[in-house]
Every structure is written in structure tokens, then in C-alpha cells.
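**Q** generate a structure from the sequence data that follows.
(2 chains)
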Amino acid sequence: QKEVEQNSGPLSVPEGAIASLNCTYSDRVSQSFFWYRQYSGKSPELIMSIYSNGDKEDGRFTAQLNKASQYVSLLIRDSQPSDSATYLCAVGTNRDDKIIFGKGTRLHILP
Amino acid sequence: DVKVTQSSRYLVKRTGEKVFLECVQDMDHENMFWYRQDPGLGLRLIYFSYDVKMKEKGDIPEGYSVSREKKERFSLILESASTNQTSMYLCASSFPTGSPSTDTQYFGPGTRLTVL
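**A** The predicted structure is shown next:
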């Protein structure tokens, strides 16, 4: 069973600081990586996707991918209370054509 | 913008009832998915479909069936609801770009189903 692992948290970060969310995956041939944000009682919404090694930036968000270490992270700069949510990491592999979701990390931004 | 809608936000049913959950997407997506989400268990795939009339079992299909008669609509059916099917049900869709494992999935608002 291919797995996607995330620390469940909660991760508490002061407002204005950088929040760092981490995700590891077990299938070495994984090729696509997604970060979703899910507010309590709501559905997941896509923040960004990344397919190549390195960094990808979108506003305050940066996704970092290291395929050799089987590790993907999400950095949130200048954290705001509105960033408080659960962040889901999702990994896709064409080995079985599926996307597998991690269980999520709860992030709490302290005002 | 992609829009995925689900027929109900909240639903309360009794044990043994037949339950229909409807999902509609308006972006001509070919791929559609049904998940359930439970605390501590994350998102679990129930069924998926890559085309009209096509369906495939996910990781936890027992107790569920699906129907896809039209491209935009994917229905989840609980033939005889049980209390262990109380959960948040999420529908998602994606546009095929080559491999379903690389296609971004867009989620509907979810249906919180309670089975008494």
C-alpha cells in the first residue's frame, strides 16, 4: 500500500512567521504532488501543485519537492490567522494511476 | 472556475434506508470521484469513473454503488444505510491531461450524512 505521511499536528505558528508543513511519500515513482487547504467543515481546495524537483512559488506559498528524499513541503510566509486550517498533501503515481491523500496537518496561526 | 456541486450539505437518514448522493460538475470533466472523510482516517476513495457508464471500485466500495449516466453527473448510492456510513462525503472531478494521477482534483462542498 502506497502511503503519504504527514504530521497530524497541531502545528502552532505565530502570526507573521513562516509555517512549514512537511509530507513524505513511499512510492518512489510518484510524479505529481498537490497541496490542499481544508477549513473545518469545508471541502479541500487546491493551493498548488508541483511536478518537478525544486521550489514553486505562488504568492505567500512555496512548495518544495525533493524526489530523491521522497519529500514535499509547503511554506507559508507571513502567516495570517486565516491560514489556520488543515493542509492535505496528495501524491499521484502513474504506477496505478491514482492520487493518494495524506491525513493532513492542522495548522494554527497564533494572533 | 470549476464548479462541483452536491445535492445536500446535510442529510439525516435511518438505518436501512436507500440513500442517493448526487454530484454535478459543470466543467466537462471526464474523471469523477467519491470519497468519504472521517477523523483520523483522512480521505478514502469509494468509487471513481473516467467516462460515462464507466465505474471502478476504490479502496472502500463495500456497501456503496455508483451511477454515471451523464458526463456531468456522478451519483453515490447507499443501498441500505448503516450507522458506520455516517461520514462526510466528498465528490471531486478532474480534467484528463494524460494520467489521472497527474490531474488536479476539484472538490464539491461535501455532504455530511448522519445515519441514525
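**Q** using CSV, list the CA coordinates for stretch B:18-35.
**A** Below are the C-alpha coordinates for stretch B:18-35, written out as CSV (Å, rounded to 0.1, in the frame of the first residue of the first chain):
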residue,chain,number,x,y,z
LYS,B,18,-31.6,3.7,0.5
VAL,B,19,-29.6,6.9,0.1
PHE,B,20,-28.7,8.8,-3.0
LEU,B,21,-25.9,11.4,-3.0
GLU,B,22,-25.7,13.5,-6.2
CYS,B,23,-22.7,15.3,-7.7
VAL,B,24,-22.7,17.6,-10.7
GLN,B,25,-19.8,19.3,-12.3
ASP,B,26,-20.1,22.0,-15.0
MET,B,27,-16.6,21.9,-16.5
ASP,B,28,-16.9,18.9,-18.8
HIS,B,29,-14.6,16.9,-16.7
GLU,B,30,-14.4,13.2,-17.6
ASN,B,31,-13.0,12.0,-14.3
MET,B,32,-15.2,11.9,-11.2
PHE,B,33,-14.6,10.6,-7.7
TRP,B,34,-16.4,9.8,-4.5
TYR,B,35,-14.6,10.0,-1.2
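**Q** what about that stretch, average pLDDT?
**A** Stretch B:18-35 comes out with an average pLDDT of 95.
**Q** so B:L21 bridges to which residues?
**A** B:L21 forms beta bridges with B:L76, as assigned by DSSP bridges.
**Q** ok, now how distant is it from chain A?
**A** Applying C-beta to the nearest C-beta, to the nearest Å, one obtains 14 Å for the distance of B:L21 from chain A. Placement of C-beta: from N, CA and C, glycine included.
**Q** all strands for the chain, in order.
**A** All of this is about chain A. A:4-5, A:11-14, A:19-25, A:30-38, A:45-50, A:54-58, A:61-66, A:71-76, A:85-93, A:98-101, A:105-110 (DSSP state E).
**Q** wrong chain, I was asking about chain B
**A** Counting by DSSP E, the strands of chain B are B:4-6, B:10-13, B:19-25, B:31-38, B:42-49, B:56-57, B:64-70, B:73-78, B:87-94, B:106-107, B:111-115.
**Q** ok, the closest residue to chain A within chain B - contacts?
**A** As assessed by C-beta to the nearest C-beta, chain A sits closest to B:S101 within chain B, at 3.3 Å. Shown in contact with B:S101 (C-beta atoms under 8 Å, 6 or more residues apart in numbering or on different chains): A:31-32, A:92-94, A:96-99.
**Q** since that was my last question, I'll sign off now.
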